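Asker: return a 3D structure for these sequence lines:
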Amino acid sequence: MATELDNARAEAAISALEDSLKRGQISAQQVKMLEEAQSNIPIGYDPAQSSPEAVNLVTLYHNITGEPHPTPEYMIRNFLTRKFPRENWIPQDMHDRPVYALTPNGKYREPTLRCWFHTTSERKTEIEALGIYATCEKGGGFNNEFEIETHMQSAHRRQYEAYQRAIDRKDQLELRELQRATLAAMRPAPVKETK
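Answerer: Residues are numbered from 1 along each chain as shown. Below is the predicted model:
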């Protein structure tokens, strides 16, 4: 299980840092890392006694999105004591309030939008017509277009850049055609000579 592996790695890192500390070969940054690692290990954690079968999961809910978050029982205190920082992207009424709660706030909705490059996307035919093939297999979904664009920019960077170039090229061609039609309409009609 991932949490056991993470805790084992943290234990190994802590023991290595403690050895360096005893020998006097440790920097201030490493001391800070040691303190941080020690604070992340749950109280009473014993790697010899923990097993995947022994972990009881409790569902916590994010206070802004309402998203369910299955959490091992021994980490509940750690999650429930986390507070929202005073950042611009966090609503002001949530500043310094807990990030997770034991009861849902009723705001959560299942993500329904898919990546444009997903094999079952609504835009698959449009994108494949541009010569870009849908390869995304992300199982979940997205709640809004911003999340989709952020995902595409990071996970499908080259495909997204190719898509943007193709759209820009298409827009330039449409603008050029509009300019030609406007110029043609502005030309005076040829005068017919009468005899």
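Asker: any low-confidence regions in the chain?
Answerer: Where the chain drops to pLDDT under 70, the residues are 1-54, 88, 107-108, 139-140, 195.
Asker: could you redo the last one with a cut-off of 80?
Answerer: Applying pLDDT under 80 to the chain flags residues 1-55, 64-65, 85-95, 105-112, 134, 137-141, 143-144, 188-195.
Asker: at which residues are the strands of it located?
Answerer: Taking DSSP state E to define them, one finds strands in the chain at 57-62, 68-72, 100-101.
Asker: can you map out the helices along this structure?
Answerer: Listed in chain order, the helices found in the chain under DSSP state H are 2-23, 28-40, 76-80, 124-129, 145-155, 157-186.
Asker: show me what counts as buried in stretch 66-79.
Answerer: E67, T71, P72, Y74, M75, I76, N78, F79 (16 or more other CB atoms under 10 Å). Glycine gets a C-beta too; all of them are placed from N, C-alpha and C.
Asker: likewise for stretch 92-109?
Answerer: Buried residues in stretch 92-109, counted by 16+ other CB under 10 Å: M94, V99, Y100.
Asker: now the second one, nearest residue through space, not along the chain?
Answerer: Closest residue to V99 apart from its sequence neighbours, by CB to CB, 6 or more residues apart in numbering: R82 at 4.4 Å.
Asker: now do the same contact list for that neighbour.
Answerer: Counting by CB atoms under 8 Å, 6 or more residues apart in numbering, R82 touches P98, V99, Y100.
Asker: next, count neighbours for Q172.
Answerer: Neighbourhood size, Q172 [other CB atoms under 10 Å]: 10.
Asker: need the contacts of R82 in CSV with distance to L130, can you?
Answerer: Putting the contacts of R82 into CSV (distance: CB to CB, whole Å) gives the following:
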residue, distance to L130
P98, 46
V99, 41
Y100, 42
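Asker: list just the nearest of the residues you listed to I148.
Answerer: For those, the minimum distance to I148 (CB to CB) is 24.3 Å, reached by V99.
Asker: if I look at the closest one, how far off is Y163?
Answerer: Using CB to CB, to the nearest Å, one obtains 35 Å as the distance from V99 to Y163.
Asker: repeat that for P91.
Answerer: According to CB to CB, P91 stands 33 Å off from Y163.
Asker: one more: P111?
Answerer: As defined by CB to CB, P111 lies at a distance of 21 Å from Y163.
Asker: comparing these two, which residue is more hemmed in?
Answerer: When P111 and Y163 are compared for neighbours, Y163 comes out ahead with 20 against 13, by other CB under 10 Å.
Asker: report the contact partners of that one.
Answerer: Contacts for Y163 (CB under 8 Å, 6+ apart) come out as W116, I127, L130, I132.
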